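Asker: Next comes the sequence, and after it the predicted model I'd like to discuss.
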Amino acid sequence: MINDAAVLAQKPAIFASVYQYEGQLQVYKPTLSTRACAAYGRMPCRWRGRHCAEAGVLGPVPGAFGTLQALLTLKILLQMNGQLEGELLLLDFMNFPA
């Protein structure tokens, strides 16, 4: 439904997903000929098979990605640089630089 709403309204959508200690973030700016679901492609192999109730999610990870979604929303609204156009941000907090 988010796909359809973004395309019909011609408004960007900011997608995030998390799994255990990692996640991905993408800004989707629709045109009438595209759909957001095509932007993600296939899930990484390590994400398949176990859902969050079984595998768990480290509490701050969804918070970090929610904050990044809010940041990107403000960047779009304020027309600032660094909007992740055509990019996918992947963060693995187990291997995050200290």
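Answerer: Looks like it arrived, so ask away.
Asker: now for the helix or strand hosting Gly63, which elements pack on it?
Answerer: In this assignment (DSSP states H and E), Gly63 forms part of helix 60-77. Applying 3 or more CB pairs under 8 Å, 6 or more residues apart in numbering; DSSP states H and E, one finds that helix 60-77 contacts strand 13-19, strand 22-28, strand 88-92. C-betas here are computed from N, CA, C, even on glycine.
Asker: Columns mean pLDDT, distance to Glu54 and mean neighbour count on top of those, output as a markdown table?
Answerer: Conversion of the helices and strands packed on helix 60-77 to a markdown table gives the following (pLDDT from 0 to 100; distance: least, CB to CB, whole Å; neighbours: other CB atoms under 10 Å):
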| stretch | mean pLDDT | distance to Glu54 | mean neighbour count |
| --- | --- | --- | --- |
| strand 13-19 | 92 | 11 | 19 |
| strand 22-28 | 92 | 16 | 21 |
| strand 88-92 | 93 | 19 | 13 |
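Asker: between those, which gets nearest to Gly56?
Answerer: Proximity to Gly56, assessed across these by CB to CB, is greatest for strand 13-19 (9.3 Å).
Asker: Quick check: chain neighbours aside, which residue is closest to Leu72?
Answerer: Leaving aside its sequence neighbours, Leu72 sits nearest to Ile14 (CB to CB, 6 or more residues apart in numbering; 5.1 Å).
Asker: wait, the one you found sits on Lys75?
Answerer: No - in this structure Ile14 lies outside contact range of Lys75 using CB atoms under 8 Å: 9.8 Å.
Asker: mind putting the helices and strands packed on helix 60-77 in CSV, distance to Met80 included?
Answerer: Formatted as CSV, the helices and strands packed on helix 60-77 follow (distance: least, CB to CB, whole Å):
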stretch, distance to Met80
strand 13-19, 14
strand 22-28, 12
strand 88-92, 16
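Asker: nearest to Gly63, of those strands?
Answerer: Sorting the helices and strands packed on helix 60-77 by CB to CB, the top spot, which is the nearest, belongs to strand 13-19 at 9.6 Å.
Asker: List the neighbouring strands of the closest one plus their orientation.
Answerer: In the sheet containing strand 13-19, the strands it pairs with under DSSP bridges are strand 22-28 (antiparallel).
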